[in-house]
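J.: from the sequence below, what's the structure:
(2 chains)
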There are 2 protein chains.
Amino acid sequence: MLTFMTVRELYELVVSGDTMEIDQIEYVQCEGWIRTNRNNGSVGFIELNDGTYFKSIQLVYSSSLKDFDAISKYLTGTAIQVTGKFVLTPEAKQPFELQVTEILLEGACDNEYPLQKKRHSFEYLREIGHLRPRTNTFNAVFRIRSVLAMAIHEFFQNQGFVYVNAPLITGNDAEGAGEVFTVTTRKDDNYEEDFFGKHASLTVSGQLQAEAFALAFRDVYTFGPTFRAENSNTTTHASEFWMIEPEMAFADLLDDMDLIEDMVKSCIDYVLDNCPEEMKFFNEFVDKTLLERLEKVRTSDFVRMPYTEAIDHLLKADVKFENKVEWGMDLNSEHERYICEKIVNGPVFLTDYPKDIKAFYMRLNDDGKTVAACDLLVPSVGELVGGSQREERLDVLRQRMKEMGVDEKGLDWYLDLRRYGGCKHAGFGLGFERFIMYVTGMQNIRDVIPFARTPRNLNF
Amino acid sequence: MLTFMTVRELYELVVSGDTMEIDQIEYVQCEGWIRTNRNNGSVGFIELNDGTYFKSIQLVYSSSLKDFDAISKYLTGTAIQVTGKFVLTPEAKQPFELQVTEILLEGACDNEYPLQKKRHSFEYLREIGHLRPRTNTFNAVFRIRSVLAMAIHEFFQNQGFVYVNAPLITGNDAEGAGEVFTVTTRKDDNYEEDFFGKHASLTVSGQLQAEAFALAFRDVYTFGPTFRAENSNTTTHASEFWMIEPEMAFADLLDDMDLIEDMVKSCIDYVLDNCPEEMKFFNEFVDKTLLERLEKVRTSDFVRMPYTEAIDHLLKADVKFENKVEWGMDLNSEHERYICEKIVNGPVFLTDYPKDIKAFYMRLNDDGKTVAACDLLVPSVGELVGGSQREERLDVLRQRMKEMGVDEKGLDWYLDLRRYGGCKHAGFGLGFERFIMYVTGMQNIRDVIPFARTPRNLNF
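T.: Next up is the predicted model:
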């Protein structure tokens, strides 16, 4: 009997140990790409990978095949279809192999193929972004990216959250989160004559629009691209990245933190359940503390600590910080790590930040000095999520916009949300790439985006 | 006993007929927005909607409440929290009501609130895009949008397809699908000095990048925004819309059509299963043939007909077409509808189009005149999906690019995919908004996008 199976299906079957099922497999047909091909004149070995799994299967072909000579010349990267007898090999390195009865050429490979057996640096692989998903590491990275996206959708949809596609092209220059890209069909700056009749830019956040939908649907989330025209070349900045921005009506900061904690834990569980082999791979080759770190987060209660208390800890700390600590400052990475790794030793929400270092839409606390914001800090990464209760009081919101120099023009509709049944509401933003880095241990944002866009880098 | 429940949970419970569960509900707490509020001096009635469902629940409050007077003045749009006794009312219009014990004000509503009881035109509602999701129709539209997105993710993920986020900002001006938006940080056209060091634009398709990933992962799909700077004001064009672009290695045109047919049917099933009430609503108020039409598609075998045969039917047709029929022409809507509605009377794939009217990357057939393309036509909408087998032969592809004036510059990486194990592969593109329109019966693309972008229209 001949069965068509992918490499993943074969591995999962063998790992399952379901002997009844396994015994039924006689001849198997696979398609894939050759990773290595060697022979000793009478018997040859091909490692075949079909992309469904980061592991390859071993094909054994003998000189009794009529096209043995042709097959033995197939280069690394060649696409083939293979039929072979399925044989368990419990004593070999591979748990099974295919003893080839036929190999058909599906697509030849040039001998200049850059992905030969040797190990390549991540830097080099970025230059061949169209080929790097064929390597074990990037097969695992981009599969985790896909599975984590699904984890997020399932988490929210299972609780009745409505998925909202916030617009990417926006006329709201007032959102005020750094530099933006202009979107135009002109070669000059006469935006009145431009496609939209005014200046248009790429969005930096879908939150304001998500608020409009939360005040209609109660619970919503966005999951889409956002953009920053920031000219910084770091391992954590990209010009184009994806954000998840949930928003809940009738919710306050405590509800918000509950949701964040649930989401982070649920997504980690999902990835561990659905990609155990990929996660083991990352733990072995990328970050040896990964599984331990995730297990700890998954099972811990996230601590909640007001910013003011964190400042007290920092002032009392027996450590020399590079940046001077005082109430009102924005915390630097060194401070966040001290709180997270030394004081709490686990995930911590810092809450109630000084109003002057946070966005205009965050709800002013009764003290008049702080806002109902929370940042989730996690060991070894720092800030993972930023959220807040939103200012639902029209007069307070307008006052804050005035103080912070945010123009009301173009945001009338946003103020309307406070005029017409504007109840308390809260939400947060999670950078998808940062989450992938956190879950895989990968250290550069360029290595978790299929084709990353950064300053002066626009290939593929 | 007091239970917190959303309006959807209450309706679903009552519809379930689970009397054990229903009997346990004594007092209920809800939050939401007032749709109407009337009273006769001794007893008042509020229709409350919380956005989780397009139906409202009825609150009955009596003058024995100490704040009866204040409550009776709450305007349409006001946000409240209500506690009340849950009572089944099988003889009334509503299947149940809450007899109010307490109402708390969560957010007042201005008396200028545009969404009063009367029916508004879709045109008017577009002007208040931040409020229209609060209406029954748009609550249903955007819930279907969310559920259909999930249907698509589940369909592909359940079969092991890897979700790929193709880049939005691109330097490939060669893709050649109409006019594009420029992305810049400058006010002039000195792109060498621009952010990316060259001209950048918003993508019109993620297909080419999806091909790179398919030739690594076997089966992948994109689901993300794409852009067209086309200056056309029609009911089916938007400047920003979402596309689903699956791509499969080791697949030909027949596999492609099988996948399209499965996907369309599976997504319709999913929406009918998960949103039965919303779909009934659309069938009643938006398109009275909707459910019948979807049921027919769901259960029919999609016909497959070569373009050349379609032309023969059109030439023989007993109908006067506005546009003259001849082999080699692009079919107009009138032709597509004739084939789909008169000849086939159901969904039909037209295949093997003349090469000159299709894109450079479609695989040339052995006749040298046609390409391995398919368009899925469905009754009353026309083209829903366009797919093709891709040209995997490097020499043929380069010849086609030359013929069609597509510059190889910047597409070297795409040609590499044919140099290094470029096996047969196929994929398709589905416009998400067109699919939503098809599934809901909505007639204008502006009404299925949260905040639509069209020429000279960039509000919210």
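J.: what segments of the stretch 1-150 of chain A are strands?
T.: In the stretch 1-150 of chain A, strands defined by DSSP state E, counting those that start in this stretch lie at A:2-4, A:27-39, A:43-49, A:57-62, A:79-88, A:96-107, listed in chain order.
J.: what's the average pLDDT for the longest one?
T.: When you say that, I think you mean strand A:27-39. Over the span of strand A:27-39, the pLDDT mean works out to 97.
J.: hang on, the earlier thing: mean neighbour count added to the strands of the stretch 1-150 of chain A, as a markdown table?
T.: Heads up, the C-betas are built off the backbone N, CA and C, glycines and all. Formatted as a markdown table, the entries for the strands of the stretch 1-150 of chain A read as follows, by neighbours: other Cβ atoms under 10 Å in any protein chain shown:
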| stretch | mean neighbour count |
| --- | --- |
| strand A:2-4 | 12 |
| strand A:27-39 | 20 |
| strand A:43-49 | 20 |
| strand A:57-62 | 20 |
| strand A:79-88 | 19 |
| strand A:96-107 | 18 |
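J.: and those strands, which one is worst for confidence?
T.: Averaging pLDDT over each of those singles out strand A:2-4 as the lowest, with a mean of 94.
J.: would CSV of the strands of the stretch 1-150 of chain A with distance to residue A:115 be doable?
T.: Below are those laid out as CSV (distance: least, Cβ to Cβ, whole Å):
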stretch, distance to residue A:115
strand A:2-4, 26
strand A:27-39, 9
strand A:43-49, 11
strand A:57-62, 18
strand A:79-88, 13
strand A:96-107, 15
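J.: switch these over to CSV; also include distance to chain B.
T.: Formatted as CSV, the entries for the strands of the stretch 1-150 of chain A read as follows, by distance: least, Cβ to the nearest Cβ, whole Å:
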stretch, distance to chain B
strand A:2-4, 10
strand A:27-39, 4
strand A:43-49, 9
strand A:57-62, 14
strand A:79-88, 4
strand A:96-107, 4
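J.: and residue B:389, which of these is closest to it?
T.: If you check each of the strands of the stretch 1-150 of chain A against residue B:389 by Cβ to Cβ, strand A:96-107 wins as the nearest, at 13.4 Å.
J.: the closest one vs strand A:27-39, what angle?
T.: Counting by axes from the mean of the first three to the mean of the last three Cα atoms, to 10 degrees, strand A:96-107 points 80 degrees away from the direction of strand A:27-39.
J.: which helices and strands sit right next to strand A:96-107?
T.: With contacts defined as 3 or more Cβ pairs under 8 Å, 6 or more residues apart in numbering or on different chains; DSSP states H and E, strand A:96-107 has these neighbours: strand A:27-39, strand A:57-62, strand A:79-88.
J.: quick one: strands adjacent to that strand?
T.: Taking DSSP bridges as the criterion, strand A:96-107 pairs within the sheet with strand A:57-62 (parallel), strand A:79-88 (antiparallel).
J.: nearest to residue B:114, of those strands?
T.: Comparing the strands paired with strand A:96-107 against residue B:114 with Cβ to Cβ, the closest turns out to be strand A:79-88 (59.5 Å).
J.: that closest one: how far from the chain's middle?
T.: Strand A:79-88 has its C-alpha centroid displaced from the chain centroid by 35 Å (Cα atoms, centre = their mean, to the nearest Å).
J.: and residue A:275, what is it in contact with?
T.: Each residue near residue A:275 by Cβ atoms under 8 Å, 6 or more residues apart in numbering or on different chains is listed here: A:140, A:143, A:144, A:147.
J.: helices along chain A, start to end?
T.: Ranges of helices in chain A, per DSSP state H, are A:7-16, A:19-24, A:68-72, A:122-127, A:136-158, A:207-217, A:253-274, A:276-285, A:290-299, A:307-316, A:333-337, A:394-403, A:412-419, A:432-440.
J.: out of these, which one sits most buried?
T.: Burial of the helices of chain A is given as mean neighbour count (mean count of other Cβ atoms under 10 Å in any protein chain shown); helix A:207-217 ranks first at a mean of 26.
J.: is chain B contacted by it?
T.: Yes. Counting by Cβ under 8 Å from any Cβ of the partner chain, contacts between helix A:207-217 and chain B involve A:209, A:212, A:213, A:215, A:216, A:217.
J.: coming back round to it: export the helices of chain A to CSV and tack on distance to residue A:42?
T.: As requested, the helices of chain A are exported to CSV (distance: least, Cβ to Cβ, whole Å):
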stretch, distance to residue A:42
helix A:7-16, 26
helix A:19-24, 29
helix A:68-72, 9
helix A:122-127, 36
helix A:136-158, 30
helix A:207-217, 65
helix A:253-274, 42
helix A:276-285, 34
helix A:290-299, 43
helix A:307-316, 70
helix A:333-337, 59
helix A:394-403, 80
helix A:412-419, 75
helix A:432-440, 43
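J.: adding mean pLDDT, write those out as TSV.
T.: Below are the helices of chain A laid out as TSV (pLDDT from 0 to 100):
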stretch	mean pLDDT
helix A:7-16	93
helix A:19-24	92
helix A:68-72	97
helix A:122-127	97
helix A:136-158	98
helix A:207-217	98
helix A:253-274	98
helix A:276-285	96
helix A:290-299	94
helix A:307-316	97
helix A:333-337	93
helix A:394-403	97
helix A:412-419	97
helix A:432-440	97
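J.: where does the stretch 351-460 of chain A come near chain B, residue by residue?
T.: Close to chain B, as judged by Cβ under 8 Å from any Cβ, the stretch 351-460 of chain A has residues A:392, A:413-414, A:416-424, A:449-451, A:453, A:455-460.
J.: tell me the buried residues within the residues you listed.
T.: Neighbour-count burial (16 or more other Cβ atoms under 10 Å in any protein chain shown) applied to those gives A:392, A:413-414, A:416-424, A:449-451, A:453, A:455, A:457-460.
J.: if anything else comes up later, I'll come back, but that's it for now.
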